[in-house]
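Participant: Below is the sequence, then the predicted model.
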Amino acid sequence: MTVESDLLQITLQSLFISGSAALFASVIGLPVGLVLGLKRFRGRHAIIGVFNSLLGIPTVALGLLLYLVFSNAGPLGFLHMLYTPIGIIVGQTILVLPIMISVTTETLLGVDESIRNLALTMGADEQAAAFSVVRESVGGLLLAISASFSRAIAELGVALMIGGNIRGITRVLTTSIALETTRGEIALGLGLTVILIVLILIVNAGLNILKRRVQWWLWE
Amino acid sequence: MGIVELRDVTVEFGTVKALDSINVDIHAGEMFSVIGPNGAGKTTALRVIAGLLNPSAGEVYFHGELMEKSNRHALRRQAPMVFQKPVLFNTTLFKNVAYGLRIRGMAEEEIRKRVLEVLEMVQLANLQDRLGRNLSGGEQRRATLAMAIVLDTELLLVDEPTAYLDSESAEIVESTLQRLNSERGTTTVMVTHNILQAQVLANRAAMMKQGRIQKIGTVSEIFRTELDSLLHEEFKMNTYSGTAKASGKMTQNGMLVQIDLGNGVEIEALSKREGNVTVMIPPDDIIVSREEVFTSARNCLIGKIIGIDERDSTVFLTVDVGLSMTVQITRRSREKLDINLKDEVYVTFKASSVRVF
């Protein structure tokens, strides 16, 4: 196998794993964020506080925790997820879920109450008024997805501890960078870092373009 | 039976009573004005009628139908509200104005026709593709008015229609409201603390203070019986009787008249009226200075401070210029100018600040 094909495989694997994690976090986190941002119920602020405090969870700590859970002796050992891409996806999903939920919630809470009132007084029902608030928040919701993906693809702790950095299977950009640097292959490590940063920039630029499209589409 | 009836409506925010058992009937086809100082509960009353705020006690009826949870949405559709602070969705002006019609499932062709017609009315048709939020403050206010009037409802609720607007936008908004009322028969409830606006636009008015209705009746009744307290206690408005005669001078804003207010006080105003007139000069339109200032303002009088009334950050000065004149300044300005009783000061105001009736 050539260095080029190795690089391509690692890059694609990173995109697949972290993209999947961001996707799953969106599927779970967006609805949760929407409920927390739009509905008023007892205990809402406490739940928002919990997710906000989970934003800073150290990836290594989460990695270790999940390692214990997924290891053969652990409660979910029977799933055999340790050292598999699925295991990393699950770990990264858990890692970025608070980002997804918190950014979504804060974005919705940040939309002026007057937008909802405007929609209501123009004749919208509660659902349509809530949709108006969401429509005004598109930028923030895409930012939540973007931040989740960036955090997932840039993290090392979960990928290393759950994935184990197995060549061709669970090796991703961050674990490769760590490996090559410890091996003294600084140039290769730097090259991988550039790829990682470019990937993040491309995905974020793409989401930014998508933001305008989605805003336009939502008003059609 | 009124189009809207408020029966013993009370709204409480914690321990504060924003509305205290108010009763109002709004008649079909009238321009009804709710006037009063800040914090009187005017906007709260409007939000209750708009179905945006549930009263803590009391009932609201639309055409005799009690507003409750089950019909609130349907009744709300009959009473769009224009907020004091213009709010627009993050899209083009056209789509903002079309929003309410689209919600109602109207055909696109009809929407286009009605939106353009209303944008013409508020003189914004040329800006229809502009992002609503990129419009100027005055344009945004006219846009929000367009959003409500395009719905062609029987009732329209407007909160401070011309607050913070330049005179051009204010005139467009006022004439649009008048047109709607006279041509379409739209019942309008308008909250304002601009008493002159209430006098010019409304048929009936309610005067509110501290969450209660102090007086309700035709505008002339209110102004006849409550004028003194309304103007002097609440708004500190300067009102004088005088004799106006044409000065023969024209400005780009209109004709100037010379008004003799007695006691040797003469001022200039923009008006076409001659003979016996009533004059109002808002205290916040008057500048006070230690030295005579030479500006484009046509009226500059010298006088002595005979009263100082401090209210939070606002200070009302009473200046004897031959007549007693109230001037509103900030506490900071007073400190900066070091104004005290018996000080000699100059008061300056524009001819356009003088309202002549």
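Facilitator: Yes, it's here. From a predicted model like this one, the values you see are computed outputs, not experimental measurements.
Participant: How much space separates B:Asp129 from A:Arg183?
Facilitator: Relative to A:Arg183, B:Asp129 is positioned 59 Å away (CB to CB, to the nearest Å). From N, CA and C alone the C-beta is placed, and that goes for glycine too.
Participant: try B:Leu145
Facilitator: Summarising the geometry, the distance separating B:Leu145 from A:Arg183, computed by CB to CB, is 70 Å.
Participant: Neighbour count: these two, which is higher?
Facilitator: The neighbour comparison of B:Leu145 against A:Arg183 (other CB atoms under 10 Å in any protein chain shown) goes to B:Leu145, with 26 against 10.
Participant: In contact with the more buried one, which residues are there?
Facilitator: In this structure, B:Leu145 makes contact with B:82, B:122, B:158, B:161, B:173, B:176-177, judged by CB atoms under 8 Å, 6 or more residues apart in numbering or on different chains.
Participant: Can you list the buried residues in the helix ranked longest in chain A?
Facilitator: In chain A, with assignment by DSSP state H, the single longest helix is helix A:3-38. Taking 16 or more other CB atoms under 10 Å in any protein chain shown as the neighbour-count basis, helix A:3-38 is seen to contain the buried residues A:7, A:10-11, A:13-15, A:17-26, A:29-30, A:32-38.
Participant: Tell me where the model's unsure across the chain.
Facilitator: Here I'm looking at chain A. Chain A contains residues with pLDDT under 70 at A:1-2.
Participant: wait, I meant chain B there
Facilitator: Across chain B (using pLDDT under 70), the flagged ranges come out as B:1, B:167, B:223-235, B:252-254.
Participant: Get me the contact residues on it for chain A.
Facilitator: Residues of chain B found near chain A, taking CB under 8 Å from any CB of the partner chain as the criterion, are B:50-52, B:73, B:76-77, B:79-81, B:83, B:85, B:87-91, B:95, B:99-100, B:103-104, B:147-148, B:151.
Participant: Quick one: the helices in the chain, in order.
Facilitator: Picked chain A for this. Counting by DSSP H, the helices of chain A are A:3-38, A:44-53, A:59-70, A:85-110, A:113-121, A:126-136, A:138-154, A:157-158, A:173-183, A:186-218.
Participant: that's the wrong chain, I wanted chain B
Facilitator: Under the criterion DSSP H, chain B contains helices at B:42-49, B:72-76, B:93-103, B:108-121, B:137-149, B:167-179, B:195-201, B:219-228, B:331-337.
Participant: A:Ala159: which of these is closest?
Facilitator: helix B:93-103 (44.7 Å; CB to CB).
Participant: The closest one versus helix B:108-121: what angle between them?
Facilitator: Here helix B:93-103 points in a direction 130 degrees away from that of helix B:108-121 (axes from the mean of the first three to the mean of the last three CA atoms, to 10 degrees).
Participant: Outside of helix B:93-103 itself, list whatever touches it.
Facilitator: A:119, A:122-124, A:128, A:219, B:80, B:88-89, B:110-112, B:114-115, B:118-119, B:124, B:127-132, B:135, B:143, B:146-148, B:150-151.
Participant: Measure how it sits relative to helix A:126-136, angle-wise.
Facilitator: Angle, helix B:93-103 to helix A:126-136, by the same axes, to 10 degrees: 160 degrees.
Participant: In contact with the residue most central in space within chain A: list those residues for me.
Facilitator: Centroid-nearest residue in chain A, with CA atoms, centre = their mean: A:Ser148, separated by 2.5 Å. With CB under 8 Å, 6+ apart as the criterion, the residues that contact A:Ser148 are A:21-22, A:25-26, A:29, A:96-97, A:99-100.
Participant: got the contact list for the nearest residue to it once chain neighbours are set aside?
Facilitator: The shortest distance from A:Ser148 to any non-neighbouring residue, by CB to CB, 6 or more residues apart in numbering or on different chains, is to A:Val96 (3.9 Å). Residues counted as contacts of A:Val96 (CB under 8 Å, 6+ apart) are A:21-22, A:25, A:29, A:147-149, A:151-152.
Participant: Tabulate those in a markdown table, adding columns for distance to B:Glu310.
Facilitator: Formatted as a markdown table, the entries for those read as follows, by distance: CB to CB, whole Å:
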| residue | distance to B:Glu310 |
| --- | --- |
| A:Ala21 | 62 |
| A:Ala22 | 59 |
| A:Ala25 | 57 |
| A:Gly29 | 54 |
| A:Ala147 | 51 |
| A:Ser148 | 55 |
| A:Phe149 | 58 |
| A:Arg151 | 55 |
| A:Ala152 | 60 |
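Participant: Out of the residues you listed, which is nearest to chain B?
Facilitator: For chain B, the closest of the contacts of A:Val96 turns out to be A:Ala147, at 21.0 Å, with distances computed as CB to the nearest CB.
Participant: I'd say that closest one and A:Val103 touch.
Facilitator: Yes: shown here, A:Ala147 and A:Val103 form a contact pair, counting by CB atoms under 8 Å, at 6.0 Å.
Participant: Counting neighbours around each, name which of these two comes out higher.
Facilitator: Between A:Ala147 and A:Val103, counted using other CB under 10 Å, A:Val103 has the larger neighbour count: 23 against 19.
Participant: which ones are touching the more buried one?
Facilitator: A:Val103 is in contact with A:33, A:140, A:143-144, A:147, counting by CB under 8 Å, 6+ apart.
Participant: Quick check: it vs chain B, distance?
Facilitator: From A:Val103 over to chain B the distance is 18 Å, taken as CB to the nearest CB, to the nearest Å.
Participant: B:Ser296 - nearest residue in space that isn't next to it in sequence?
Facilitator: Of all residues apart from its sequence neighbours, B:Lys350 sits closest to B:Ser296 (CB to CB, 6+ apart), at 7.5 Å.
Participant: Kindly export stretch A:123-136 (C-alpha atoms) in CSV.
Facilitator: Written as CSV, here are the backbone C-alpha positions of stretch A:123-136 (Å, rounded to 0.1, in the frame of the first residue of the first chain):
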residue,chain,number,x,y,z
GLY,A,123,-52.2,34.6,11.9
ALA,A,124,-49.8,31.7,12.5
ASP,A,125,-50.8,29.0,14.9
GLU,A,126,-48.4,27.9,17.6
GLN,A,127,-46.7,25.3,15.3
ALA,A,128,-46.2,27.8,12.5
ALA,A,129,-45.0,30.4,15.0
ALA,A,130,-42.4,27.9,16.3
PHE,A,131,-41.4,27.2,12.7
SER,A,132,-40.8,30.9,12.2
VAL,A,133,-38.5,30.9,15.2
VAL,A,134,-36.6,27.9,13.8
ARG,A,135,-36.4,29.6,10.3
GLU,A,136,-34.8,32.6,11.9
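Participant: which phi and psi does the closest residue to chain A within the stretch 151-300 of chain B have?
Facilitator: With CB to the nearest CB as the measure, B:Leu151 is the residue of the stretch 151-300 of chain B nearest to chain A, at 7.0 Å. Backbone dihedrals for B:Leu151, given as degrees, to the nearest 10, come out at phi -80, psi -10.
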